[in-house]
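[1] Following is a predicted model, sequence given first.
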Amino acid sequence: GNGNGNGEGGPTSVLDPRLAEEAAAGERRFALVNVWRNVMPEPVGKFPLACIDARTAKANELRTFRIHYADRIGENYFARPSRSHGWCYYPDMTRDEALLLKQWDSEGNMDGGGGDDAVCAFAIHSAFDDPTTSPEAPDRTSIEVRCVVIWEA
């Protein structure tokens, strides 16, 4: 086995500040991706995750809400409900499975049009109350880690 990096060269081989600067300046494509995972031995029963198929969501269905932090104001989106939305859901996820949720893609668009090869800006996702869940199912316990992905120039 191996450990990919060490205290000297490990951080600088991955965290090249120049890459982050180029991404922030719009010179490189980047994305924020959350890795979501169940941490319990039992599969997720209550409130599984679901995602809208991006091809079925339209920009005019999005609503912005602001999150006020001590040092900044952030923005997130809600999607107005629509019968045209296609949903995928992930029942009974085990702790051996992970779901990647795109939070932002610098080359993505805000509208689901554009065909199967279009790049969406983010994944609209939610937990929901699944009516097939047993009342005895344990509460969902999970972890989410945000990652930054930077493409080659």
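    Alright, I've got the coordinates.
[2] Give me the helix or strand of the protein that scores worst on average pLDDT.
    helix 10-14 (a mean of 53; mean pLDDT, DSSP states H and E).
[3] What's the first helix or strand after that one?
    Under the assignment DSSP states H and E, the closest C-terminal helix or strand after helix 10-14 is helix 17-24.
[4] Show me which positions of that following helix end up buried.
    19, 23 (16 or more other C-beta atoms under 10 Å). Yep, even glycine has a C-beta here, placed from its N, CA and C like the rest.
[5] same check, this time on stretch 138-153
    In stretch 138-153, counting by 16+ other C-beta under 10 Å, buried: 140, 142.
[6] Can you get me the start-to-end distance on it?
    46 Å (C-alpha to C-alpha, to the nearest Å).
[7] ditto for stretch 42-55
    Terminal residues of stretch 42-55 lie 33 Å apart, using C-alpha to C-alpha.
[8] check contacts around the residue nearest to the spatial centre of the chain.
    Closest residue to the average C-alpha location of the chain: residue 101 at 2.2 Å, with C-alpha atoms, centre = their mean. Residue 101 is in contact with 33, 34, 35, 36, 51, 123, 125, 144, counting by C-beta atoms under 8 Å, 6 or more residues apart in numbering.
[9] before we move on, what about residue 128?
    47, 48, 50, 89.
[10] and it, how far is that from residue 81?
    According to C-beta to C-beta, to the nearest Å, residue 128 stands 12 Å off from residue 81.
[11] Strands along this structure, start to end?
    Under the criterion DSSP state E, the chain contains strands at 30-38, 49-52, 62-68, 73-79, 87-90, 99-105, 125-127, 142-150.
[12] Among those strands, which comes closest to residue 20?
    Distance to residue 20, taken as C-beta to C-beta, is lowest for strand 142-150 among the strands of the chain, at 7.4 Å.
[13] Partner strands of the closest one and their direction?
    Within its sheet, and counting by DSSP bridges, strand 142-150 is paired with strand 30-38 (antiparallel).
[14] Pull the distance from the partner strand to the chain's centre.
    5 Å (C-alpha atoms, centre = their mean, to the nearest Å).
[15] List the buried residues of that strand.
    Applying 16+ other C-beta under 10 Å to strand 30-38 flags 30, 31, 33, 34, 36, 37, 38 as buried.
[16] could you dump those residues to CSV with pLDDT?
    Shown next, in CSV, are these (pLDDT from 0 to 100):
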residue, pLDDT
30, 92
31, 93
33, 95
34, 95
36, 96
37, 96
38, 96
